[in-house]
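>>> have a look; sequence and predicted model below, questions after that.
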Amino acid sequence: MLDILVSGLLLSGTYALVAMGLNLQYGVARIMNLANGEVLVLGALAAFWLYTTAQISPILTVILVIPVAFIGNWLIYRFLLTPLVRRSKTQGALEVDSILATFGMSFIFIGIMVSIEGGFFFYKYLSEPIQILGSTTSLNRLVAFLIAVLIAVGLYIWLHYSRPGVAVRALSVSTEASGLVGINVPRVSALAFALGGTITAVGGALISTFITLDASIGVVFTLKALIIVIMGGVGEIRGAIVAAIILGLVETGVATLIDPGLTLAAAYFIFVMILLFRPQGLFGRRAV
Amino acid sequence: MYRRSLFGLAAVLAVASTSLFAQDMIKIGAIAPKTGPLAGGAVVTQWPNVQLWVEQVNARGGLDVGGEKKMIELIEYDDKTNPGEHIKLAQRLATQDKVDFVVAPYGTGFNIATAPIYGKFGYPMIAVSAITDKMEELTTRYPNLFFTLGTTTAFVDGVKEILIEQREAGTIGNEIAMVNVADAFGIELSVRARELFGEAGFDIVYDKSYPLGTPDLSPVMKGAKDSGAKAFVAWSYPPDSFGLAEQAIIENLDVNVYYSAVATSFPAFKGAYGNKINNVLGAGGTDVENPAIAKYRDAHMEITGKEADYWASANTYASLQILEQAIVGAATLDRDVVTQYIKDNSFDTVMGELSFENNFSNKFWSVGQWQDGVFRGVKGSNVDGAVPVRVKEGWSE
């Protein structure tokens, strides 16, 4: 039982890393970013590449990734997505446009990554066994979990107790009303998008220490992130974290107690249940 | 009038020169994944060998087809690990690019799915990365399709033999923990394994499947460990072969026989885990002591910059050697004649002398083992150089 708790919680840390970024991008900047998984894999590729060519520790890569990913995502929003935001008259139109644009973007990312490394991103870092509450797990998973917790807590505090954070939250409630009270909507949207992309890339660098990724695997993470964001409620960081914990615990529980073959089925079952009975997500507000 | 005829002459010359040019070249088409779930395997096993072979043949001045030297022009496409995409591209290779011959696809499903389209255009397909028990049925239906890497049963048999030997030696009991990836490959092998292991009197005490791309395999490994079995068998794909090894190291899985299927033979497997995976068994194998293999591995490293894997790399290269020798031997680009030549003759390849009986080449490795940094063949069919199996002793460096 303790095994399930420990493994499940560690897995939910992974899922939280995957989903928090998309939550900011979709919830605040209103960009349904289908290239989310590819950004994650880019972070992983950076960690793999720096580790295998220059022996740079993935933890250091995480710090290096932060400014690069922030600037890169800010530029993407500023030059590729802002024209779409300006052009679209309704939120629905923006969602459709951004889905198409980021879908195309994901192929460009895959192409770039394949040209750098076509095979698996193979390296091992901190894969030492450790004991937590009598359950064996690996150090790299624990490190990723702790950093995920750090990011989540930091993000929560920032969103709730800082001025820009409040602006970001306001934007997630209503774009029009935020503009009316003097929030610089394009700038805050760009900030949220860039921050979301940064968290995703950092997550990728951390995840690559214990999951073997390759250039084409991004879509798997995009899908998981999507499930978690919808389950938790769009634009709700708390929701995404709770949803990630539920998913992690349920998948591990099902794998241990019933059959590992049913983990995906269990995840989708919960997803469907939430869509049926609480379509706005666990923490989401009902649309007005 | 004069101008027009001059123009006409120029046009005729242009046409003549292109056709002259075309006569000097032989077009080979290759479609395999560069992106998608199978790309990670294809860039290790498939693509480098295509590159190696084309460069070597062209460095020799091309293929001698009926006294005329022809350089190879390679046309390659990425099928994105999507069979529909592959079939569209195959159509393009045949009708637009008009390639003379093709390299068979990568992956069992892909070879089966594309056999009709390649068959329609008469291309001989010397499949390598394709393992199935339905060979007879398939080669009867598609007489242009050849298999070279073995059958599902042969692969399970290899593992079964090892389990029986180890049981007789007293290192394992009757209990086996077995897992498989829930896709066509893993399911076909595990179904056969249940039958064959059962017949041999083994008891599969832990028998579970997991979906492709499972992020956390620790519940699987914990379950296998709790079963107490001294033998662990995984019909796995990359990247889960790595994930399972990682968890086995973390959990310090106490077994004397540890087997995982595809990608265990990749040099990167050792690169990631070093000596911790010493005495791990896996699908494939090779005889590194064989001078032909050693020479091939050196050339592979030199030309592609990558180490060949310890399994299907050599078979893939051998399949291209067969194609080469059949074209030269038949002395024509007529695909039907070349196909017939493949059926009727034997070929001198890096895997030794290969020939086909009912389109099936019965010479391949089925099980290999990491022994002190090299993945050596321990079980196979009609292959020389198998070494004795060793017992897995812990997971320390």
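Right, received. Where do you want to start? What you see is a predicted model; the values in this text were computed from it and never measured. Numbering: from 1, shown residues only, chains lettered A, B, ... in the order given.

>>> enumerate the residues of the stretch 101-250 of chain B near chain A.
B:179, B:182, B:208-211, B:213-220, B:222-223, B:238-239, B:242-243, B:246, B:249-250 (CB under 8 Å from any CB of the partner chain). (C-beta placed from N, C-alpha, C; glycine too.)

>>> could you rerun that using 7 Å?
Residues of the stretch 101-250 of chain B lying close to chain A by CB under 7 Å from any CB of the partner chain are B:182, B:208-211, B:213-216, B:218-220, B:222-223, B:238-239, B:242-243, B:246, B:249-250.

>>> what's stretch B:199-208 in contact with?
A:259-261, B:160, B:163-164, B:174-179, B:194, B:197, B:220, B:223-224, B:227, B:229 (CB atoms under 7 Å, 6 or more residues apart in numbering or on different chains).

>>> skipping adjacent residues, who's closest to A:Val143 in space?
Leaving aside its chain neighbours, A:Val143 sits nearest to A:Leu126 (6.2 Å; criterion: CB to CB, 6 or more residues apart in numbering or on different chains).

>>> and for B:Asp287?
B:Gly385 (3.2 Å).

>>> and that neighbour, helix, strand or coil?
With DSSP: H, G, I helix; E, B strand; the rest coil as the basis, B:Gly385 sits in coil.

>>> residue contacts, it?
B:Gly385 neighbours (CB under 7 Å, 6+ apart): B:287, B:289-290, B:377.

>>> quick one: A:Ala243 and A:Leu282 touch, right?
Yes. Using CB atoms under 7 Å, A:Ala243 is in contact with A:Leu282, at 6.2 Å.

>>> hey, what's in contact with both of these two?
A:231-232.

>>> and the two? Which one has more around it.
Neighbours per residue (other CB atoms under 10 Å in any protein chain shown) separate A:Ala243 from A:Leu282, with A:Ala243 holding more: 29 against 17.

>>> okay, and the more buried one sits in which element?
Using DSSP states H and E, A:Ala243 maps to helix A:237-257.

>>> average model confidence for the following helix or strand past that helix?
Reading on from helix A:237-257 to the C-terminus, the next helix or strand found by DSSP H and E is helix A:263-277. In this model, helix A:263-277 has a mean pLDDT of 90.

>>> ok, now stretch B:66-80?
Rounded mean pLDDT across stretch B:66-80 is 94.

>>> tell me which residues are up against that stretch.
Residues from elsewhere that reach stretch B:66-80 (CB under 7 Å, 6+ apart): B:24-36, B:50, B:54, B:57-58, B:61-63, B:85-86, B:89, B:93, B:97, B:99, B:331-332.

>>> how far does it sit from its chain's centre?
Distance of stretch B:66-80 from its chain centroid, counting by CA atoms, centre = their mean, to the nearest Å, is 20 Å.

>>> buried residues, it. List them.
B:70, B:72-80 (16 or more other CB atoms under 10 Å in any protein chain shown).

>>> got the CA positions of that stretch in CSV?
Below are the C-alpha coordinates for stretch B:66-80, written out as CSV (Å, rounded to 0.1, in the frame of the first residue of the first chain):
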residue,chain,number,x,y,z
GLY,B,66,25.4,-7.1,-67.5
GLY,B,67,28.9,-5.6,-68.1
GLU,B,68,27.7,-2.0,-67.4
LYS,B,69,28.7,-0.3,-64.2
LYS,B,70,25.9,1.6,-62.6
MET,B,71,26.1,3.9,-59.6
ILE,B,72,23.4,3.7,-57.0
GLU,B,73,21.1,6.7,-56.6
LEU,B,74,19.3,6.4,-53.2
ILE,B,75,15.8,7.9,-52.8
GLU,B,76,14.8,7.8,-49.1
TYR,B,77,11.6,8.8,-47.4
ASP,B,78,10.4,9.0,-43.8
ASP,B,79,7.2,7.0,-43.3
LYS,B,80,6.6,8.7,-39.9
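
>>> could you show me where the helices are in the stretch 201-350 of chain B, in order?
B:218-227, B:240-251, B:267-273, B:291-304, B:312-330, B:335-344 (DSSP state H, counting those that start in this stretch).

>>> if you average pLDDT over each of those helices, which is lowest?
Taking the mean pLDDT of the helices of the stretch 201-350 of chain B, helix B:267-273 comes last: a mean of 88.

>>> up against chain B, what does the stretch 151-288 of chain A have?
So the stretch 151-288 of chain A meets chain B at A:211-212, A:214-216, A:220, A:252, A:255-256, A:259-261, A:263-264 (CB under 7 Å from any CB).

>>> how about these in JSON lines, adding neighbour count and distance to B:Glu168?
As requested, those are exported to JSON lines (neighbours: other CB atoms under 10 Å in any protein chain shown; distance: CB to CB, whole Å):
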{"residue": "A:Ile211", "neighbour count": "25", "distance to B:Glu168": "39"}
{"residue": "A:Thr212", "neighbour count": "24", "distance to B:Glu168": "36"}
{"residue": "A:Asp214", "neighbour count": "28", "distance to B:Glu168": "41"}
{"residue": "A:Ala215", "neighbour count": "29", "distance to B:Glu168": "46"}
{"residue": "A:Ser216", "neighbour count": "24", "distance to B:Glu168": "44"}
{"residue": "A:Val220", "neighbour count": "18", "distance to B:Glu168": "43"}
{"residue": "A:Thr252", "neighbour count": "26", "distance to B:Glu168": "38"}
{"residue": "A:Ala255", "neighbour count": "28", "distance to B:Glu168": "35"}
{"residue": "A:Thr256", "neighbour count": "20", "distance to B:Glu168": "34"}
{"residue": "A:Asp259", "neighbour count": "19", "distance to B:Glu168": "33"}
{"residue": "A:Pro260", "neighbour count": "23", "distance to B:Glu168": "32"}
{"residue": "A:Gly261", "neighbour count": "19", "distance to B:Glu168": "33"}
{"residue": "A:Thr263", "neighbour count": "24", "distance to B:Glu168": "38"}
{"residue": "A:Leu264", "neighbour count": "17", "distance to B:Glu168": "40"}
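
>>> which one among the residues you listed gets closest to A:Ala46?
A:Ala215 (12.7 Å; CB to CB).

>>> my read: the closest one touches A:Gly111, true?
No. Assessed by CB under 7 Å, A:Ala215 is found out of contact with A:Gly111, at 8.7 Å.

>>> so where is chain A shaky, pLDDT-wise?
Applying pLDDT under 70 to chain A flags residues A:285-288.

>>> so where do the strands sit in it?
A:120-121, A:129-132, A:135-138, A:213-214 (DSSP state E).

>>> and chain B, what are its domains?
As given by automatic domain parsing, the domain ranges for chain B are B:2-151+B:290-365, B:152-286+B:366-381.

>>> by mean pLDDT, show me the worst of these.
domain B:2-151+B:290-365 has the lowest average pLDDT among the domains of chain B, namely a mean of 90.

>>> how far off centre is that domain?
That offset, for domain B:2-151+B:290-365, works out to 13 Å (CA atoms, centre = their mean).

>>> tell me which residue of the stretch 1-150 of chain A lies closest to chain B.
A:Gly118 (3.9 Å; CB to the nearest CB).

>>> next to chain B, which bits of the stretch 1-150 of chain A? Give me the list.
A:3, A:7, A:11, A:14, A:110, A:114, A:118-120, A:122-124, A:127, A:129, A:136-138.

>>> of the residues you listed, buried ones?
A:3, A:7, A:11, A:14, A:110, A:114, A:118-120, A:122-124, A:127, A:136-138.

>>> just the closest residue of the stretch 251-397 of chain B to chain A, please.
Among all residues of the stretch 251-397 of chain B, B:Ala268 sits closest to chain A, at 4.5 Å; criterion: CB to the nearest CB.
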